[in-house]
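# have a look at this prediction, sequence included:
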Amino acid sequence: MKKTGAQILWECLEQQGVTTVFGYPGGAILPAYDALKHSNIHHVLVRHEQGATHMADGYARASGRVGVAIATSGPGATNMVTGMATAMLDSSPMVCITGQVGSKLIGSDAFQETDITGVTLPVTKHNYLVTHASEIAQVISEAFYVARSGRPGPVLVDITKDAQQSTCEFDGKPIEPQLPGYRPDLAPTQEEYKQALELIKNAKRPMILAGHGIILSGAMDEVRTFAEKTNIPVGLTLLGLGAFPASHPLSLGMMGMHGEAWLNTTIQEADLLIAFGMRFDDRVTGNLKTYAPNAKKIHIEIDRAEINKNVKVDVALVGDLKAVLRELLPNLKPQEHREWLAYIDRLKGDSAVRDIQNLPDNGHLYAAHVINDLWHETRDGDAVIVTDVGQHQMWEAQYYKHERPRTLITSGGLGTMGFALPAAIGVKAARPEADVWVVVGDGGFQMTMCELATMVQENLKVNIAIINNGYLGMIRQWQEFFYEKNYEASPILSPNFVKLADAFGIRSVAVTQRSEVVPTVKMAHEHKGPVLIDFQVDKEDAVYPMVAAGAGLHEMIRRPNPLLETATDA
Amino acid sequence: MLNTFVVHVENKPGVLTRVASLFRRRAFNIDSLTVGRTEKPEVSRMTIVVDADRDQAARVEANLYKLVNVLLVENITGKASICRDLAIIKISAKHNERSDILEIINVFRARVVDFAVDSLTIEITGGEEKVDRLLEVLRPYGILEMVRTGIVAMRRGTKGDEIAAATAAVTSGSRANGAATVAADDNVSYSV
């Protein structure tokens, strides 16, 4: 049967199980929008194409399915670049569909023409330019396969206007991807397994470094069995949070630049690091020259280009984490590591004294209090926290104890401010039953707050907690620590967020006292529609501990210990 | 250290850009890159010489494999192989210098491809070192123009099963050739 390229596009998306797409129409993609009337796919109209990509990304991270964003050529397509780069660095499966000018106009600098496949080459896993209706089915099948398999990532499909309009035979049968060079299914050799087991057997001070790969591979149970059988403590990366329960006795929390002091110290003193689906990012390692100097390293990772990229490892097991762990588990010998675990416990004591939660109330509202109370109020439910980038993101990572995977959605690798609100809309679209919370700074919120209208138009209940300190907080912190408190361009004026929310028909309230936090969160929970809470917190608090960029992981700036301070004062 | 990679890729538009972009993006240092057809029309073959230590070379290979259109990567550095560079060299050749130059050309088994009043153009094929040496010897006469292809390379011995396996699955699907041309369609508007 003859169909237009546009009709084929939607049918192929349906075949891939797509039920929701996030997009914004324009000239070059209008034929596709015209054909939407034949499809059951729900289209979410965004307010800016960047929002569409973050929504598709959030949708993917919350559900594990491929997220789909759609835009027109030229500015529509270039507005998607930040979202693709975000998904690329965080290995999020996403397909972006863009319209392109007619195939005969390509290269002529036609109205709204951009070479978007050229522009996105370094920020996509793969991309396609489609100039004929007959190619669409094949390309869509490959795009989805590439996006979700191996190490997931974004794939762009750029379709010319005439390819959408012209017709070709289409029988609706699913098409197999033809990717002879693409081999996402690597596996380690028996020899490599043996070497890894030998290192694990002989280690006295071993550590597991748990990353995002655990969640992507669905290997939570295997990791837990591994840790429990060997009694090896587990440190997590930012994107790994939730991959291993925070309440588990072997969990040491988050590592790295704003990681727990005891964990960073533990990594530096370990004699074996076993990395599960993580990539030794500079935010995790600090100075590579002094990183875990006494440790042998085992790296289990699906992307072989990550092996020996930042940290030279002794054994690399390249493959799907879940499959690799299933191979390792039966051959693991039970271990105790009592001394090592007792030592780590002692390290924790010092941090507890410095913890802002344990300091006497001075009447200020701190972000850490807000996060802690939010965690208390939402932890028993099906909460998903979507954070933006900056101080509030680190406080969330430190104080919200994630027990399950896909309950923290955050831009880690690219650190994209403005990610939270649109991503949360995507999360809610993927998981309507979930209790979705945006935790966002006053700076990042203003980057994409136009998407409030999208949220309201879609009738989605997402609660928003703005951690409002009147500064670009992390910038201010760096200026305080490293630029002699020269607060250049970091104080930021915000609108009256309560009035702003009111203009969108969103219930809103400002909170300035700690005592108001819990009742307000409860109110937000009970209210049917979305609620925006403007938490006006202490202006100049800093995130501790901190490893300065380029410093060793053990060289942490710590929150002043009040007991020691008192002793000095006396 | 120079590493030589033979990279078998699908013959599709944009593949060269993808490979070149990868090297730029990862700051790998390309010494030379050649690309050409093979015995299979659907497969192109690149010979890429990269300045890299062992770890970097492994990463070059791993990153090449991340490109969806890359079929097989062979690092033939230090392996029995044939590596050939082709150079066309135009040298100033005054009447009294010609016989000397022709003698040199003979020794190097190069060929004269053009003869002008006061210049000679020669062609040489060989390992990079051989071409370098010829250039060195000719330099005193005055090199007017020179172009080199960069090396193309092939492993010695019978064709590996690996290559056969990697390229067997490649078919010239309708897509590779841009499908059948669509007849002009009144329902299609080409402008946005």
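Structure received.
# ok and the residue in chain A nearest chain B?
Closest residue of chain A to chain B, CB to the nearest CB: A:G102 (3.1 Å). For every residue, glycine as well, the C-beta is placed using N, CA and C.
# what's the burial count for that residue?
22 (other CB atoms under 10 Å in any protein chain shown).
# kindly report the same for A:M94.
For A:M94, using other CB under 10 Å, the count is 33.
# give me the pLDDT for it.
For A:M94, the model assigns a pLDDT of 98.
# and if you look at the one 5 residues further on?
On the pLDDT scale, A:G99 is placed at 98.
# quick check: longest strand of chain B.
strand B:81-92 (DSSP state E).
# now do it: which elements does it pack against?
strand B:119-126, helix B:128-138, strand B:143-148, strand B:152-155 (3 or more CB pairs under 8 Å, 6 or more residues apart in numbering or on different chains; DSSP states H and E).
# buried ones in the third one, by neighbour count?
Right, strand B:143-148. B:R148 (16 or more other CB atoms under 10 Å in any protein chain shown).
# how about the second one?
By 16+ other CB under 10 Å, the buried positions in helix B:128-138 come out as B:128, B:130-131, B:134-135, B:138.
# contacting residues around it?
B:83, B:85, B:87, B:89, B:91, B:101, B:104, B:108, B:110, B:124, B:143, B:146, B:148, B:151 (CB atoms under 8 Å, 6 or more residues apart in numbering or on different chains).
# average model confidence for stretch A:59-68?
On average, stretch A:59-68 scores 98.
# what pairs with the most centrally placed residue in chain B across the strands?
A centroid search over chain B (CA atoms, centre = their mean) returns B:T34, at 2.0 Å, as the residue closest to the centre. Here B:T34 sits in beta bridges with B:T47, going by DSSP bridges.
# tell me the contacts of residue 5?
If you meant another chain, say so; for now it's chain A. Taking CB under 8 Å, 6+ apart as the definition, contacts of A:G5 comprise A:31, A:130, A:132-133, A:136, A:159, A:163-168.
# wait, I meant chain B there
Counting by CB under 8 Å, 6+ apart, B:F5 has contacts B:46-50, B:60-61, B:64, B:73-76.
# kindly recompute the last result at 10 Å.
B:33, B:46-50, B:52, B:57, B:60-61, B:64, B:73-77, B:153 (CB atoms under 10 Å, 6 or more residues apart in numbering or on different chains).
# please report the distance of it from B:I30.
Per CB to CB, to the nearest Å, B:F5 is found 10 Å from B:I30.
# okay, and the common contacts of those two?
B:48-50, B:60.
# in the stretch 1-150 of chain A, which spans are strands?
Using DSSP state E, counting those that start in this stretch, the strands of the stretch 1-150 of chain A run over A:2-4, A:20-23, A:42-45, A:67-71, A:94-100, A:126-130.
# distance to chain B added to these, as CSV?
Formatted as CSV, the strands of the stretch 1-150 of chain A follow (distance: least, CB to the nearest CB, whole Å):
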stretch, distance to chain B
strand A:2-4, 8
strand A:20-23, 17
strand A:42-45, 20
strand A:67-71, 13
strand A:94-100, 8
strand A:126-130, 5
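# will you turn those strands into a markdown table that also has distance to A:E260?
Listed next are the strands of the stretch 1-150 of chain A as a markdown table, based on distance: least, CB to CB, whole Å:
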| stretch | distance to A:E260 |
| --- | --- |
| strand A:2-4 | 56 |
| strand A:20-23 | 36 |
| strand A:42-45 | 38 |
| strand A:67-71 | 32 |
| strand A:94-100 | 32 |
| strand A:126-130 | 38 |
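# how many residues are close by residue 27?
Let's take chain A. With other CB under 10 Å as criterion, A:G27 counts 18.
# that's the other chain; I wanted chain B
Neighbour count for B:A27, taken as other CB under 10 Å: 7.
# A:N459 reaches A:P530, doesn't it?
Yes - contact criterion CB atoms under 10 Å: A:N459 and A:P530 qualify, at 9.4 Å.
# picking that back up, least confident of the buried residues of helix B:128-138?
B:E128 (92).
# below-threshold pLDDT in chain B: ranges please.
Along chain B, the parts satisfying pLDDT under 70 run over B:159, B:171-192.
# who's more crowded, A:N459 and A:P530?
More neighbours surround A:P530 than the other of A:N459 and A:P530, with 25 against 8 (other CB under 10 Å).
# how far away is B:P140 from chain A?
Distance, B:P140 to chain A, by CB to the nearest CB, to the nearest Å: 46 Å.
# got the contact list for A:L156?
A:L156 neighbours (CB under 10 Å, 6+ apart): A:69, A:77, A:80-81, A:84, A:94-98, A:116-117, A:119-121, A:123-129, A:143, A:147.
# just give the nearest non-adjacent residue to it, would you?
Nearest non-adjacent residue to A:L156, counting by CB to CB, 6 or more residues apart in numbering or on different chains: A:N127, 3.9 Å away.
# how close does that neighbour sit to A:P31?
A:N127 is 20 Å from A:P31, by CB to CB.
# again, but for B:D31
47 Å.
# for A:L500, same thing?
Separation of A:L500 from A:P31 (CB to CB): 37 Å.
# okay, those two: which has more neighbours?
Higher neighbour count among A:L500 and A:P31: A:P31, with 24 against 18, using other CB under 10 Å.
# how about the contacts made by the more buried one?
A:4-7, A:9, A:99, A:159, A:161-166, B:187-189.
# now a ChimeraX select for only the buried ones of those.
Of these, the buried ones can be selected in ChimeraX as follows, counting by 16+ other CB under 10 Å:
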select /A:4,5,6,7,9,99,159,161,162,163,164,165,166 /B:188
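# so where's the longest helix in the chain?
Looking at chain A here, since you left the chain open. helix A:338-354 (DSSP state H).
# wrong one, I was asking about chain B
Under DSSP H, chain B gives helix B:54-66 as its longest helix.
# what angle sits between that one and strand A:126-130?
Counting by axes from the mean of the first three to the mean of the last three CA atoms, to 10 degrees, helix B:54-66 lies at 30 degrees to strand A:126-130.
# which helix or strand lies directly C-terminal to helix B:54-66?
For helix B:54-66, the following helix or strand on the C-terminal side (DSSP states H and E) is strand B:70-75.
# just to revisit the earlier point, pull up the pairing partners for the longest strand of chain B, direction included.
strand B:119-126 (antiparallel), strand B:143-148 (antiparallel), strand B:152-155 (antiparallel).
# what does the stretch 351-500 of chain A put close to chain B?
Nowhere does the stretch 351-500 of chain A come near chain B, counting by CB under 10 Å from any CB of the partner chain.
# ranges for the strands of the stretch 351-500 of chain A?
Using DSSP E, counting those that start in this stretch, the strands found in the stretch 351-500 of chain A span residues A:383-387, A:408-409, A:435-441, A:463-468.
# turn these into CSV, including mean neighbour count and mean pLDDT.
What follows is the strands of the stretch 351-500 of chain A, written out as CSV (neighbours: other CB atoms under 10 Å in any protein chain shown; pLDDT from 0 to 100):
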stretch, mean neighbour count, mean pLDDT
strand A:383-387, 27, 98
strand A:408-409, 27, 98
strand A:435-441, 27, 98
strand A:463-468, 28, 98
